[in-house]
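Undergrad: sequence first, predicted model second:
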Amino acid sequence: GEALVREADKWGCNSLHVACRMKKISSDVVSKLVEVGGEALVRKTTNNGSNSLHIACRYNASLDVVSKLVEVGGEALVKETDNRGDNALHCACTGATWAYNNNMEEYALLHETFLNIITQQGGAQILTQTNNEGQTPLQL
């Protein structure tokens, strides 16, 4: 039920956070978790301030998963920063860097799709937002 979906571990991770870390997770699974837990589940942060979109972007979740999270959480979710000051685009660029080092084709897809989805909701200013170390997403 809802209580189980919202339950968090000692790091503050709930079931949606864990699902978003799984690269091959089905968007149907994420949709079901969101259906049960609602926007509050999507917006819930871990102990380090990461929301579900931060995690999905950092771990290279599918376009469908990222789209679902953005659809539910909207602009506020995209612009929210974690304890490092990273927004979703910072996380996507970090994830894309990992993907580039492992698979060039995947990197190209991630770069285009995440940038489009995130800037649609977050606006152009998300490109120049700096984290706690003064880095914009594109400097990562």
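TA: Cool, the structure landed. Since this is a predicted model, take the numbers as computed values, not measurements.

Undergrad: give me the element residue 67 is part of.
TA: helix 63-79 (DSSP states H and E).

Undergrad: sorry, wrong one. I was asking about residue 47.
TA: Counting by DSSP H and E, residue 47 is found in no helix or strand.

Undergrad: distance between the ends of stretch 4-22?
TA: 19 Å (C-alpha to C-alpha, to the nearest Å).

Undergrad: mind listing what's buried along that stretch?
TA: 5-6, 13-17, 19-21 (16 or more other C-beta atoms under 10 Å). All C-beta atoms are positioned from the backbone trio N, CA, C, and that covers glycine.

Undergrad: identify the farthest-apart pair in the residues you listed.
TA: In those, two members sit farther apart than any others by C-beta to C-beta. They are 6 and 21, at 17.1 Å.

Undergrad: which non-adjacent residue is nearest residue 119?
TA: Among residues not flanking residue 119 along the chain, residue 126 sits closest, at 6.1 Å (C-beta to C-beta, 6 or more residues apart in numbering).

Undergrad: count of residues packed around the one you found?
TA: By the criterion of other C-beta atoms under 10 Å, residue 126 has 20 neighbours.

Undergrad: thinking it is in contact with residue 77, fair?
TA: No: Residue 126 lies out of contact with residue 77 (C-beta atoms under 8 Å); the separation is 11.8 Å.
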